[in-house]
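S.K.: Pasting a predicted model and its sequence here:
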Number of protein chains: 2
Amino acid sequence: MSTIDKNLSSFLDIATDSDFSIHNLPYGIFSDTADGKRRAGVAIGKHVLDLSVLEAEGLLSLDGGPYFDQNTLNAFIDSGRDNWTKARQTIQTLLSSDCDTLRDNEDLQQIALFQQSDVTMHLPVQVPGFTDFYSSKEHATNVGTMFRDPSNALLPNWTEMPVGYNGRASTVIVSGTDVIRPSGQLKPNADDRPIFSPCKRLDFELETAFVVGKGNNIGQPIAVDNAIDHIFGMVLLNDWSARDIQKWEYVPLGPFNAKTFASEVSPWIVTMEALAPFKMPCPTQEPKPLAYLNEKNSNNSYDIHLSVELLPENAEEATVVCETNFKYMYWSMAQQLTHHTITGCKVEVGDMMGSGTISGPMPDSYGSMLEIAWNATKPVTLQGGETRSFIEDGDTVIMKGYSEKDGIRVGFGEVRGKVLPALTFDFDK
Amino acid sequence: MSTIDKNLSSFLDIATDSDFSIHNLPYGIFSDTADGKRRAGVAIGKHVLDLSVLEAEGLLSLDGGPYFDQNTLNAFIDSGRDNWTKARQTIQTLLSSDCDTLRDNEDLQQIALFQQSDVTMHLPVQVPGFTDFYSSKEHATNVGTMFRDPSNALLPNWTEMPVGYNGRASTVIVSGTDVIRPSGQLKPNADDRPIFSPCKRLDFELETAFVVGKGNNIGQPIAVDNAIDHIFGMVLLNDWSARDIQKWEYVPLGPFNAKTFASEVSPWIVTMEALAPFKMPCPTQEPKPLAYLNEKNSNNSYDIHLSVELLPENAEEATVVCETNFKYMYWSMAQQLTHHTITGCKVEVGDMMGSGTISGPMPDSYGSMLEIAWNATKPVTLQGGETRSFIEDGDTVIMKGYSEKDGIRVGFGEVRGKVLPALTFDFDK
């Protein structure tokens, strides 16, 4: 199941360093300039394969379908694992060198294949719920060291549960959407009242998010050994954060305004099936988790290389400011999902659950500017000489991710967002 | 606009203490046993008036309709204030003594009027987002006194902003739904590891919630003086809480498992138009809020009497354990909504925003068992002699609310929920 068929190749010309090999086949929602109509596609090399065309042509018939001539993937995902498997196998066959159906039919290629550069990508799912975890031990330790007590950086509940909080589904946006610098309450001086101001410490958080593929009933937790069956796939997530707003607001009920202006995701959902060959164990969990979080399968994480690039407005090239890996995550996605539902919370198809900032052990693997520039004490010098402690207006943040093994690559593409200046407010009071 | 037409009366026989006078006309979604089909209705006395029938008969024609032969009220609400006004006027006229259209048409009454006792109520809206505020100064002070520092019970940000957190829309349930006692992580002994256990400190929180009637675009905050125009109406909310789970999990990212098992709402949305005659000022806000939160209109709260009753499994009668009033809320709903969007958060039609526990100044006006029994140090004696510090299996919690003035009553009905025993878990590890 998790082995790679290295003999499999596509009739399309796909660069060896393409994220979108025939082993990947991530799902997204796209439109082209012809009519702007949204429908589902799969990324392959530099192309998008239009699944609604395959369905219309009778080449992709799924139980209960059609599913792909729709604005979102929710109905397809909700149709269940048998359809996920059948769709993947059918699409992989149609794209393979050995199958002449699409390979030798230029008319069909004409209507079913688009250049990625010619299409617009949209949110792949309607997101009913958005949750963000906090599952990188290195990140939690870094934050605790900076803002609380270096000798007790990790709070006592951190090693007992995948700590998380509810985010705001309405502000999940797709890669390429500009982000307006938020304004809100800051408290620059401890002795003074807060002020209303544009955020001065705007940050990214390098995360992944998983997409729920199967829900549960309210009151019925998902058992940890079944949890992975409830996950459809993963995306990259830039969980934009206003550090100064967060610092003032977050005690005692957690982050609110500081997070709910933009949670930006990559447009292609890479399936768990495509990622299966890159499984590896989570770090050792000590103490051993309580029984409800204790997985029989210890091969519960994934080797996914991740990076962040920063591109100032007029810079010629982007600077890589972080290189890390999903494998550093302490808590697995199965543990996160089980913990989320343990008191009975209902999760739904299309829910997105963020990993939390993914920091590795070394400073160049930290997943936020807060950590990279260590609370503005170690500004980063970019290509061209500019320095950064936080994100400035005009900056574009680009996150990338891929798995690679035996020359086979399965990648996410990127999530890219540019920061626009804050709005001007005129309070006539 | 906010005066009451005392000459207005219905041809239906409506008790003077009915919550559902002709001045109220709250909207809900109901089904009857005939076919179980969900559609919209208005509560009037002991009846439900079927709005889908009025639409079908051509008696209620709204721009862009029909709206009421649907599972939720979202489309009607989204259609805008002109339709809200027209619907209210039309329904009020049809139910009035002076109008013969429904009054003298028994056949129409037969198909359009149902006894409330014969129908099943459902969630009135599909809820895209659920937020809970924390806007009662008395409640925040009580909790701070018990768990932090009595001399600094209110945290410094509390008087500067309506503190809130994102809840979980998927676990908003309608009155009458049983609530399974949640199980999760508790830490009974500070020196030991946590345990997995049924919650031992299950509590209610007496709240109201407003329903968003008009959204905003992401990145575009709602100005505080316009905010009330974005609110469609209000419901009662029992924000069920697992105090022991909350205590262990909530630092630093806020409540999660402790809240996301059940947020139970009353089925009838009382419109802001019906509540307008009961407007009154919020308590004085000192310090004066920052400009973005400073309302020109100080008549920004409502006089709504609220109560909580507790009914043990085999008790003969319920005991009133709390009587309080919405007017005690420090932050207005307009301020809550503006603060929610100030960094750019998008809100959507159907979003529900909880007030936070509504406690008054006296112990018998506290809105949670945590406060009423003062952290289990002052158990409450119920009718029949049983005592309670928290909610036990088999207990039913009933919350009621109404406004009254000059003999005219506009009420919410009730939100009622019964607690079932925890599930049995068998972890085979």
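M.R.: Looks like it came in fine.
S.K.: ok, residues contacting the helix or strand hosting A:Thr324?
M.R.: Here A:Thr324 sits within strand A:319-325, counting by DSSP states H and E. Defining contact as Cβ atoms under 8 Å, 6 or more residues apart in numbering or on different chains, one finds that strand A:319-325 is touched by A:206, A:303-311, A:358-360, A:364-367, A:369, A:372, A:380, A:382-383, A:388. Bear in mind the C-beta positions are built from the backbone N, C-alpha and C, glycine included.
S.K.: If any of these are buried, give me the PyMOL selection for them.
M.R.: Only the buried members of the contacts of strand A:319-325 enter the following PyMOL selection, criterion being 16 or more other Cβ atoms under 10 Å in any protein chain shown:
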select buried, chain A and resi 206+304+305+306+307+308+309+310+311+358+359+360+365+366+367+369+372+380+382+388
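S.K.: In strands, which of the contacts of strand A:319-325 fall?
M.R.: Counted as lying in strands by DSSP state E, out of the contacts of strand A:319-325, are A:206, A:305-311, A:380, A:388.
S.K.: quick check, nearest of those residues to chain B?
M.R.: Nearest to chain B among those is A:Leu206, at 18.0 Å by Cβ to the nearest Cβ.
S.K.: you'd agree the closest one is up against A:Glu309?
M.R.: No - with contact defined as Cβ atoms under 8 Å, A:Leu206 does not count as touching A:Glu309 (10.8 Å).
S.K.: What is the least confident helix or strand in chain A?
M.R.: Per-element confidence for chain A was summarised using mean pLDDT, DSSP states H and E. The lowest value among helices and strands belongs to helix A:137-147, with a mean of 94.
S.K.: Strand partners (parallel or antiparallel) of the helix or strand just after it?
M.R.: Following the chain from helix A:137-147 toward its C-terminal end, the next helix or strand by DSSP H and E is strand A:164-166. In its sheet, strand A:164-166 lies beside strand A:130-133 (antiparallel), with partners assigned from DSSP bridges.
S.K.: quick one: the partner strand to chain centroid distance?
M.R.: Averaging C-alpha coordinates over strand A:130-133 and over its chain gives two centres that are 11 Å apart (Cα atoms, centre = their mean, to the nearest Å).
S.K.: on that earlier part again, can you check which residues contact both of A:Leu206 and A:Glu309?
M.R.: When Cβ under 8 Å, 6+ apart defines a contact, the residues bordering A:Leu206 and A:Glu309 alike are A:Met399.
S.K.: so A:Ser241 sits right up against A:Leu206, yeah?
M.R.: No - A:Ser241 is not in contact with A:Leu206 according to Cβ under 8 Å; the separation is 11.1 Å.
S.K.: Return the residues in contact with A:Glu392.
M.R.: Contacts for A:Glu392 were tallied using Cβ under 8 Å, 6+ apart; they are A:202, A:312, A:419.
S.K.: tally of neighbours for A:Asp178?
M.R.: Each residue near A:Asp178 was counted by other Cβ atoms under 10 Å in any protein chain shown, and the total is 13.
S.K.: Now do the same contact list for it.
M.R.: Neighbour list for A:Asp178: A:417-420 [criterion: Cβ under 8 Å, 6+ apart].
S.K.: Dump those to a markdown table, plus distance to chain B, neighbour count and pLDDT.
M.R.: A markdown table is the format used below for these (distance: Cβ to the nearest Cβ, whole Å; neighbours: other Cβ atoms under 10 Å in any protein chain shown; pLDDT from 0 to 100):
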| residue | distance to chain B | neighbour count | pLDDT |
| --- | --- | --- | --- |
| A:Gly417 | 12 | 22 | 98 |
| A:Lys418 | 13 | 17 | 98 |
| A:Val419 | 12 | 22 | 98 |
| A:Leu420 | 9 | 12 | 98 |
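S.K.: and the residue of the stretch 51-200 of chain A nearest chain B?
M.R.: A:Pro182 (3.5 Å).
S.K.: if I look at that residue, how far off is B:Glu286?
M.R.: To B:Glu286, A:Pro182 is 27 Å away according to Cβ to Cβ, to the nearest Å.
S.K.: need the helices for chain A, in chain order.
M.R.: With DSSP state H as the criterion, chain A has helices at A:51-56, A:74-78, A:81-95, A:100-103, A:106-112, A:137-147, A:243-249, A:272-275, A:333-341, A:369-372.
S.K.: Check which helices and strands the last one is in contact with.
M.R.: Spelled out, that is helix A:369-372. Helix A:369-372 sits against helix A:137-147, strand A:319-325, with contacts defined as 3 or more Cβ pairs under 8 Å, 6 or more residues apart in numbering or on different chains; DSSP states H and E.
S.K.: So which of the ones you listed is nearest A:Glu106?
M.R.: With respect to A:Glu106, and counting by Cβ to Cβ, the nearest of these is strand A:319-325 at 40.6 Å.
S.K.: Number of residues surrounding the closest residue to A:Thr3 other than its chain neighbours?
M.R.: Setting aside the residues directly before and after it, A:Thr3 is nearest to A:Pro277 in space (Cβ to Cβ, 6 or more residues apart in numbering or on different chains), at 6.6 Å. Around A:Pro277 there are 19 other residues, counting by other Cβ under 10 Å.
S.K.: pLDDT below threshold where in the stretch 301-429 of chain A?
M.R.: In the predicted model of the stretch 301-429 of chain A, residues A:428-429 satisfy pLDDT under 70.
S.K.: related to what we said a few turns ago, who does the strand holding A:Thr324 pair with, and is each partner parallel or antiparallel?
M.R.: Going by DSSP bridges, the partners of strand A:319-325 are strand A:305-311 (antiparallel).
S.K.: Look up phi and psi at the residue in the stretch 201-350 of chain A positioned nearest to chain B.
M.R.: Residue nearest to chain B within the stretch 201-350 of chain A (Cβ to the nearest Cβ): A:Gly254, separated by 2.5 Å. For A:Gly254, the backbone dihedrals are phi 100, psi 180 (criterion: degrees, to the nearest 10).
S.K.: burial measure for the nearest residue to it once chain neighbours are set aside, as a count.
M.R.: Beyond its immediate neighbours in the sequence, the residue positioned closest to A:Gly254 (Cβ to Cβ, 6+ apart) is B:Gly254, lying 2.5 Å away. For B:Gly254, the count of nearby residues is 27 (other Cβ under 10 Å).
S.K.: Now do the contacts for B:Gly254.
M.R.: For B:Gly254, the contacting residues are A:165, A:250, A:252-255, B:165, taking Cβ under 8 Å, 6+ apart as the criterion.
S.K.: Any of those buried? List them.
M.R.: A:165, A:250, A:252-255, B:165.
S.K.: just those now: which is nearest A:Gly28?
M.R.: Minimum distance to A:Gly28 across the buried ones among the contacts of B:Gly254 is 27.5 Å, recorded for A:Tyr165 (Cβ to Cβ).
S.K.: Grab the nearest non-local neighbour of that closest one.
M.R.: Here the nearest residue to A:Tyr165 in space, its sequence neighbours aside, is B:Leu253; by Cβ to Cβ, 6+ apart that works out to 4.0 Å.
S.K.: distance of the closest residue in space to A:Arg168 that isn't next to it in sequence from A:Ala315?
M.R.: Nearest in space to A:Arg168, with sequence neighbours left out and distances taken as Cβ to Cβ, 6+ apart, is A:Thr260 at 4.1 Å. A:Thr260 sits 29 Å away from A:Ala315, going by Cβ to Cβ.
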